[in-house]
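Engineer: any chance you can model this:
(chains A and B)
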Amino acid sequence: MRLNKILKNTLLVLTACLVLSACATKKEVATDIQGQMQGDVYTGTDTVEYLADGVPDRVFFATNESILTTASRETLRAQAAWLRKNPNINVVLEGHADERGTREYNLALGERRANAAKDYLMTYGISSDRITVLSYGKERPVDSGSNPLAWSKNRRSVTVKAN
Amino acid sequence: MTKKILFLLFILIPINANALIEVDITRGNLNPLPLAVSPLSIDEESRKGFEKILKKENIGSEISNIVENNLRTSGLFNPLDKKAFLQAPDIANLKPRFEDWNLIKAQALITGKVNYVDDKLRVEFRLWDVLAAKEMMALAFTTVPNNWRRVGHIISDKVYERLTGEKGYFDTRIIYVSEEGPKTQRIKKLAIMDQDGANNKFLTLGNELVLTPRFNPASQMVTYLSYFKNMPRVYLLDIETGTQEVVGDFPGMTFAPRFSPDGKKIIMSFAKDGKSDIYTMDLENRIVEKITNHPSIDTSPSYSPDGKYITFNSDRSGYQQIYVMRNDGSDVKRISFGNGLYGTPVWSPRGDLIAFTKLHKGKFYIGVMRTDGSGERLLTENYYQEAPSWSPNGRVLIFYRETKTNSKGEGFSAKLWSIDLTGYNERQIKTPTDASDPSWSSLLSN
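Structural biologist: Numbering: from 1, shown residues only, chains lettered A, B, ... in the order given. You can find the predicted model right below:
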C-alpha cells in the first residue's frame, strides 16, 4: 500500500520531469507540500506560534472535519500541562475554516473545531471556566493564498491567552 | 435616515385591457422587446427650477435614463438609441406618430412630462403600444424633487408590470457587506444602495467585523451578525434611525439570521458545544423558541413565504445538505440529493423554488430546485460564489462571487452579481469597494 503510493509519486514526478523542463523546481515544490501535509491536514510549523517553550498554540484539521489528529492531541496535552502550571491564565480557543465553504456553515464549523479542542483540554483537567470559544469561520485566514497548502494552514483552532 | 415620502399617484386613463404586447419572462429572453424611451419633456421654467434645486441640467432626461437603464438591465427589453427618434418629446407625449416609431422598430414607447409645481416634482408618463397604435397606461406622480431617482424606478416598475404581468423590482434597495484590505485582515462594513447601485451609503464604520445583513420583508429593518466586543451575535438595526440592539440573550455565538415573512420574528442559529441549532425570537414579546435539536450543525434557516415551513442547511447526514421542516421543527425532510455539498437555501418569495449554493469538484454553483428537491437547475458556475438573495418578484437572484485576481490582475476580488432565474442575463452590480452578502429589499412603494 505504502510502497504503491511512493511508486505512484515517483512516477508522477518522473512524468512531470518529462513534460516540464523546469524539473528541479517542480520536484522541490512537490516534496515541500508533501512534507507539510498529511492527507490534507497541515503538519508544518510555518504559522505556528508558541505559548511557551514546546507548547504550540494551534492544531489543524482536515477539510470539513473537526476530528483531532494524533499530532493535535499531543499539542493539546502540552497546552493542558502548561495551563495546569499556570492556573491564572485563561484562554480563548479561536476556531477557523478555510475559504472553500459557505460563510454560515463555516462559522458553525469553526465553533465545532474550537470545541473539539476545548473538550480535549477539559479531559486533561482544564476547567471550562478558563476556556472561551470564539469562531471566526473563514473570516480570518492566516494564509491569504488560494491553494490546498494555504487552506490547510487556515483550518485551525488557535489557543490565545485571554489575560 | 431615509424619510418616508408620500407618493401621490393618479391613474389618468383606465388601462386598456386589449393591448397586444406581452413579454414572456418565464423563458430566457434572447430577443428582448425593442422599445423607445422618449426623454420626459420639460418646459424651460420647470427645467430652471429643478436645475437650481437638484443641480441637474435636465431632470426629464435624467429620469428617462434611469428608466432606460432599468429596463435594459432586466434583459427583457431593448431600449433603442435616442438618436434615431424622429418625434420631439413634448409632441410624442401628446400624440405619438406611430409610423415614425414603427419605422425604427420600436414595439412600445414611453413618453412623459415633468413639471415644477409648488416646489414639487410632478411627473406624468404614458406607455404606448406602437403596433396597435394605442395607449396602454398613463400615470402621474407628485413628490418632493429629491425623490427623482425613485420616480424613475417606479415608472420602470409600472412598465415592467404592464408588459410582463408581474410586479417589478426596481424601486428597491440592496444591503450588503463592503470589503476592503488584505484577506487576512479584511475590513467589513454594512452598506446600502439602490438596486441600480446609486446612493451608496455606509452604515457601520468598520471597527468590528459584520456579516450577512438581511432585510425585513415588511419594513426597513435589517438583521445581521456583528463581532462587537469580539462576541459574534445577531443584531437588529433600524436603518431609518440607526438604532440597534442585540437579539436575545444567548450564552454564545448566534448567527445566520433572517426575518419571518411577516417581519415579526427572527430565525437564526445558536452554536454551543460544537452543535448549532435553529431558534426563533419573537420581536414583540421576546419569546425564544428552539426549533431544531440535533447534534449536527443546523444553520442558514429561511421561511417559506406563507411562514408554514422552514428550509435550512444541516450536516446530519454527514455532509452539508438542504432540508425542509414545518415551522415548529417537525417533519424534517432532506431535499438535496445531487452530487456534492449544498448550502445557503433561500425560499423564493413566490414560494415555488429554493435557491442554493452547491459545491462540487472544486466549483461553486448557484442553483434552484423545487421545494421537494425535484427539478434542480444550476444557473451559474464559478471558482467561488455563494449567498443568493431573491428579487422581491422572485425572478432575479443577486449573489456574490470571489475571483482569485481583481481587474488589475492582483490579489483577489469579491463582487455582487445578478442572474435571471432562467440562467440568462448575468450582470455585475458596480459597488465602490469589494462587496459580499447581498440582501434585496421588498418594493419600497406598493
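Engineer: do you know how far the residue of chain B most remote from its centre is from residue B:130?
Structural biologist: Distance from the centre of chain B peaks at residue B:99, with 37.4 Å (CA atoms, centre = their mean). Residue B:99 sits at a distance of 9 Å from residue B:130 (criterion: CB to CB, to the nearest Å). Every C-beta, even on glycine, is put in place using the N, C-alpha and C of the backbone.
Engineer: can you check residue B:314 too?
Structural biologist: For residue B:314 relative to residue B:130 (CB to CB), the value is 53 Å.
Engineer: next one: residue B:443
Structural biologist: Distance from residue B:443 to residue B:130, by CB to CB: 28 Å.
Engineer: just residue A:160 next, same as before
Structural biologist: Residue A:160 is 69 Å from residue B:130, by CB to CB.
Engineer: return the residues of the stretch 201-350 of chain B in contact with chain A.
Structural biologist: Applying CB under 8 Å from any CB of the partner chain, we find that the stretch 201-350 of chain B lies next to chain A at B:209, B:211-212, B:225, B:230, B:232, B:252-253, B:255-256, B:269, B:271, B:273-276, B:297, B:299-300, B:313, B:315, B:319-320, B:341, B:343-344.
Engineer: residue A:163: neighbour count?
Structural biologist: Close neighbours of residue A:163, defined as other CB atoms under 10 Å in any protein chain shown, add up to 8.
Engineer: mind listing what the nearest residue to it once chain neighbours are set aside touches?
Structural biologist: Nearest residue to residue A:163 in three dimensions, chain neighbours excluded: residue A:90, at 5.4 Å (CB to CB, 6 or more residues apart in numbering or on different chains). The contact partners of residue A:90, taken as CB atoms under 8 Å, 6 or more residues apart in numbering or on different chains, are A:129, A:130, A:131, A:132, A:161, A:162, A:163.
Engineer: I figured the third one hits residue A:89, correct?
Structural biologist: Right, the one you point to is residue A:131. No. Using CB atoms under 8 Å, residue A:131 is not in contact with residue A:89, being 10.8 Å away.
Engineer: mind checking how far the residue nearest to residue B:89 when sequence neighbours are not counted is from chain A?
Structural biologist: Closest residue in space to residue B:89, ignoring its immediate chain neighbours: residue B:41 at 3.9 Å, by CB to CB, 6+ apart. Separation of residue B:41 from chain A (CB to the nearest CB, to the nearest Å): 49 Å.
Engineer: bridged to residue B:41, which residues?
Structural biologist: Per DSSP bridges, the residues bridged to residue B:41 are residue B:113.
Engineer: my guess is it contacts residue B:123. True?
Structural biologist: No. Between residue B:41 and residue B:123 there is no contact under CB under 8 Å: 10.8 Å.
Engineer: overlap of the contact sets of the two?
Structural biologist: Contacts common to residue B:41 and residue B:123, judged by CB under 8 Å, 6+ apart, are B:112, B:113, B:114.
Engineer: I'd like those laid out as CSV, including neighbour count and pLDDT.
Structural biologist: Shown next, in CSV, are these (neighbours: other CB atoms under 10 Å in any protein chain shown; pLDDT from 0 to 100):
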residue, neighbour count, pLDDT
B:112, 27, 96
B:113, 20, 96
B:114, 27, 96
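Engineer: any chance of the residues you listed in CSV with distance to residue B:95 as columns?
Structural biologist: Converted to CSV, these look like this (distance: CB to CB, whole Å):
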residue, distance to residue B:95
B:112, 14
B:113, 13
B:114, 19
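Engineer: what parts of chain A come near chain B?
Structural biologist: Close to chain B, as judged by CB under 8 Å from any CB, chain A has residues A:64, A:66, A:99-105, A:107-109, A:111-112, A:115-116, A:119, A:133-135, A:139-144, A:146.
Engineer: restricting to C-alpha, output the helix or strand harbouring residue A:110 in PDB.
Structural biologist: According to DSSP states H and E, residue A:110 maps onto helix A:103-123. Provided in PDB are the C-alpha atoms of helix A:103-123 (Å, rounded to 0.1, in the frame of the first residue of the first chain):
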ATOM      1  CA  ARG A 103     -20.000  31.500   5.200                       C
ATOM      2  CA  GLU A 104     -22.600  30.400   7.700                       C
ATOM      3  CA  TYR A 105     -21.700  26.800   7.700                       C
ATOM      4  CA  ASN A 106     -18.100  27.700   8.200                       C
ATOM      5  CA  LEU A 107     -19.000  29.800  11.300                       C
ATOM      6  CA  ALA A 108     -20.600  26.700  12.800                       C
ATOM      7  CA  LEU A 109     -17.600  24.500  11.700                       C
ATOM      8  CA  GLY A 110     -15.100  26.900  13.300                       C
ATOM      9  CA  GLU A 111     -17.100  26.700  16.500                       C
ATOM     10  CA  ARG A 112     -17.200  22.900  16.300                       C
ATOM     11  CA  ARG A 113     -13.400  22.700  15.800                       C
ATOM     12  CA  ALA A 114     -12.600  25.000  18.700                       C
ATOM     13  CA  ASN A 115     -15.000  22.900  20.900                       C
ATOM     14  CA  ALA A 116     -13.200  19.700  19.900                       C
ATOM     15  CA  ALA A 117     -10.000  21.300  21.300                       C
ATOM     16  CA  LYS A 118     -11.900  22.600  24.300                       C
ATOM     17  CA  ASP A 119     -13.300  19.100  25.100                       C
ATOM     18  CA  TYR A 120      -9.800  17.600  24.900                       C
ATOM     19  CA  LEU A 121      -8.300  20.200  27.200                       C
ATOM     20  CA  MET A 122     -11.100  19.500  29.700                       C
ATOM     21  CA  THR A 123     -10.400  15.800  29.700                       C
END
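Engineer: tell me which residues of that helix are tucked away?
Structural biologist: A:103-118, A:120-121 (16 or more other CB atoms under 10 Å in any protein chain shown).
Engineer: swap in stretch B:400-420?
Structural biologist: B:400-403, B:412-420.
Engineer: in space, not sequence, find me the middle residue of chain A.
Structural biologist: Nearest to the mean C-alpha position of chain A, by CA atoms, centre = their mean, lies residue A:60 at 1.7 Å.
Engineer: excluding its backbone neighbours, what's nearest that one?
Structural biologist: residue A:42 (4.1 Å).
Engineer: next, count neighbours for the one you found.
Structural biologist: Around residue A:42 there are 28 other residues, counting by other CB under 10 Å.
Engineer: residue B:106 too?
Structural biologist: Neighbour count for residue B:106, taken as other CB under 10 Å: 26.
Engineer: roughly how far does it sit from residue B:433?
Structural biologist: Taken as CB to CB, the span from residue B:106 to residue B:433 is 39 Å.
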